[in-house]
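*Asks:* mind looking at a prediction? Sequence and model below.
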Amino acid sequence: MPEGLSLLTAAVIGYLFGSIPFGLLLTRLAGHGDIRSIGSGNIGATNVLRTGSRGLAAATLAGDAAKGWLAVIVGGLLGPMPALVAGVASLAGHVFPVWLRFRGGKGIATFLGVMLGLNIWLALTFAVAWLAVAAAIRISSAAALAATAAVVIVGFVVEPPLVAAVIALMVALLWWRHADNIRRLLAGTESRIGDKT
């Protein structure tokens with residue numbers, strides 16, 4: 001397959017995987033209605049937790065991470081660069097899903113799945129940093145921001161410059177999606193893990 005076609009194929013596959021809105025689908029199947037009308041209105045696991053169901057939140061986290069991981073694995077069948085492209089596209093699909101008028105989630109779990117597919121050390125870096133910050137202050141957004149920043153730093157150590165730069169761009173997108181959270185963090189009004197609102 002020509003390189004251009006393989007990259008395009010990887011991008012399409014990655015986007016379609018990423019655009020599956022697990023949080024929305026699972027909460028509807030469980031009888032909680034539209035998750036976008038609850039809490040922050042986000043379709044991710046942190047907001048799903050506000051339904052009171054840890055199981056649904058865990059399933060959403062697993063699904064959102066799995067689609068990022070699977071995109072990289074399938075893209076990798078076409079080569080290393082298509083794997084990276086598929087991972088980026090899956091994150092874009094989650095954040096901008098065509099099925100939800102391009103209004104998706106914030107991308108943290110999907111990003112973790114992409115890192116798991118690309119390099120286990122990046123995924124471990126994320127997990128350790130997230131758990132450490134979440135345990136210390138119980139604020140999911142702060143844990144996510146710290147974990148993604150840690151991945152960027154480690155990425156420039158363990159990955160080629162191009163891959164590390166792409167990861168940094170992905171993290172920039174994630175931070176942009178967390179602009180409201182950052183403002184609330186600075187104001188001291190950000191909600192904590194387990195809060196209903």
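*Replies:* Great, that's in hand.

*Asks:* which ones are touching A143?
*Replies:* 129-134, 137 (CB atoms under 8 Å, 6 or more residues apart in numbering). C-beta coordinates here come from the backbone N, C-alpha and C atoms, glycine included.

*Asks:* export the residues you listed to TSV and tack on neighbour count, secondary structure and pLDDT?
*Replies:* Formatted as TSV, the contacts of A143 follow (neighbours: other CB atoms under 10 Å; DSSP: H, G, I helix; E, B strand; the rest coil; pLDDT from 0 to 100):
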residue	neighbour count	secondary structure	pLDDT
A129	21	helix	98
W130	22	helix	96
L131	12	helix	96
A132	14	helix	97
V133	20	helix	97
A134	19	helix	94
I137	15	helix	94
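
*Asks:* for these, give me TSV that also has distance to T51.
*Replies:* Shown next, in TSV, are those (distance: CB to CB, whole Å):
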residue	distance to T51
A129	27
W130	21
L131	23
A132	27
V133	24
A134	19
I137	23
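
*Asks:* and the two most separated of those residues?
*Replies:* A129 and I137 (12.7 Å; CB to CB).

*Asks:* got a list of what the closest residue to L16 other than its chain neighbours touches?
*Replies:* Once flanking residues are discounted, L16 sits nearest to G93: 6.6 Å by CB to CB, 6 or more residues apart in numbering. Neighbour list for G93: 14-20, 104 [criterion: CB under 8 Å, 6+ apart].

*Asks:* again with G68
*Replies:* 17-18, 87, 90-91, 94, 109-117.

*Asks:* so the residue nearest to L16 is in which element?
*Replies:* Applying DSSP states H and E as the criterion places G93 in helix 80-95.

*Asks:* what angle do the longest helix seen in the chain and helix 80-95 make?
*Replies:* Longest helix of the chain, by residue count under DSSP state H: helix 54-76. On the basis of axes from the mean of the first three to the mean of the last three CA atoms, to 10 degrees, helix 54-76 is oriented at 150 degrees to helix 80-95.

*Asks:* just checking, which helix or strand of this protein averages the lowest pLDDT?
*Replies:* Ranked by mean pLDDT, DSSP states H and E, the weakest helix or strand in the chain is helix 45-48, scoring a mean of 84.

*Asks:* right, I'll leave it there.
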